[in-house]
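K.L.:
Sequence below, structure please.
(one chain, ligands or ions: 2)
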Amino acid sequence: MELFDFERDTQRNLLPKDGTVNYFGTVFTEEEANRYFDILLNTIAWKNDETIIFGKKIITKRKVAWYGEREFEYTYSKVTKKAQLWTPELLQLKKQVEAKCGDTFNSCLLNLYHSGEEGMAWHSDAEKDLKRNSAIASVSFGAERKFAFKHKETKETVSLNLQNGSLLIMKGTTQSHWLHRLPPTRKVHAPRINLTFRTIET
Ligand SMILES: O=C(O)CCC(=O)C(=O)O
Ligand SMILES: [Fe+2]
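P.N.:
Ligands and ions are numbered 1, 2, ... in the order given. Got it, this is the predicted structure:
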């Protein structure tokens, strides 16, 4: 197999063990991706994220929003938030993503990174509100950014670039054994929007 085909093979697990990550590459055309970027930028109720670090409330530069099929209460970065109801475009995106990966989702966390200087530190998405070992689908629009995984015990790392209009799935025991992050970079000046479709335990 050519290297190109190998990288495009969505059945390939990017993790060597203890979880499954599939990168589907771009699943939206550049035109569709740019259109979604603009719509989301203008229709989502973006807010600066709040978190507690060493007992102090911190306001992040990165903006976030939380949507779902119900007004779920959800604790993320140690602060409890209430989901807003799906917008028409988010519901459409959710259906497109579900059709591609075969999993279903009932909520979505959105992140807006204004430039490469904004990122997200090492974490795993294993909050108690999330259904255990359920798939998380990550859709990216805008600037291409590096994304990395680190095994919690062995510290081995795996990284890839998340392209404009791309889809990445994390599933199985990935969140129990691996951390992930979006490293900050001085090389990227353009903004990026990321959506992670998730399943809240109901
Ligand atoms: O922006 C990204 O690609 C990752 C976001 C993320 O890990 C999260 O929202 O939990
Ligand atoms: Fe995450």
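K.L.:
Show me the beta-bridge partners of the residue of the chain found nearest ligand 1.
P.N.:
Closest residue of the chain to ligand 1, CB to the nearest ligand atom: residue 194 (3.3 Å). (Glycine included, C-beta is placed from N, CA and C.) In this entry, residue 194 is beta-bridged to residue 111, residue 140, by DSSP bridges.
K.L.:
neighbours of it, just the number please.
P.N.:
22 (other CB atoms under 10 Å).
K.L.:
before we move on, what about residue 175?
P.N.:
Neighbours of residue 175 (other CB under 10 Å): 21.
K.L.:
Pull out the buried residues from the helix or strand harbouring it.
P.N.:
Here residue 175, judged by DSSP states H and E, is contained in helix 174-177. The neighbour-count check on helix 174-177 (16 or more other CB atoms under 10 Å) flags 174-175, 177 as buried.
K.L.:
still on that earlier bit, surely the residue of the chain closest to ligand 1 and residue 138 touch.
P.N.:
Yes - Residue 194 is within contact range of residue 138, at 6.3 Å (criterion: CB atoms under 8 Å).
K.L.:
Between these two, which contacts overlap?
P.N.:
residue 162 (CB atoms under 8 Å, 6 or more residues apart in numbering).
K.L.:
Now do the strands in the protein.
P.N.:
Counting by DSSP state E, residue ranges of the strands within the chain are 20-26, 47-53, 56-68, 73-76, 79-82, 84-85, 107-113, 120-123, 136-142, 145-151, 157-162, 166-171, 178-182, 192-198.
K.L.:
Mean pLDDT added to those strands, as CSV?
P.N.:
CSV is the format used below for those (pLDDT from 0 to 100):
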stretch, mean pLDDT
strand 20-26, 96
strand 47-53, 85
strand 56-68, 91
strand 73-76, 81
strand 79-82, 83
strand 84-85, 96
strand 107-113, 97
strand 120-123, 94
strand 136-142, 98
strand 145-151, 98
strand 157-162, 98
strand 166-171, 97
strand 178-182, 98
strand 192-198, 98
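K.L.:
So which residues make contact with stretch 57-75?
P.N.:
Residues contacting stretch 57-75 (CB under 8 Å, 6+ apart): 44-52, 76, 80-87, 90, 106-114, 117-120, 127-129, 200, 202.
K.L.:
Write the PyMOL selection for whichever of those residues are buried.
P.N.:
The buried subset of the contacts of stretch 57-75, as determined by 16+ other CB under 10 Å, is captured in PyMOL by this line:
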select buried, resi 44+46+49+76+81+83+86+87+90+106+107+108+109+110+111+112+113+118+119+120+127+129+200
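K.L.:
Please list which of the contacts of stretch 57-75 also come close to ligand 1.
P.N.:
Restricting the contacts of stretch 57-75 to those within reach of ligand 1 (CB under 6 Å from any ligand atom) leaves 109, 111, 120.
K.L.:
From residue 186, how far off is the closest residue to the first one other than its chain neighbours?
P.N.:
Here the nearest residue to residue 109 in space, its sequence neighbours aside, is residue 196; by CB to CB, 6 or more residues apart in numbering that works out to 5.0 Å. Residue 196 is 25 Å from residue 186, where distance means CB to CB, to the nearest Å.
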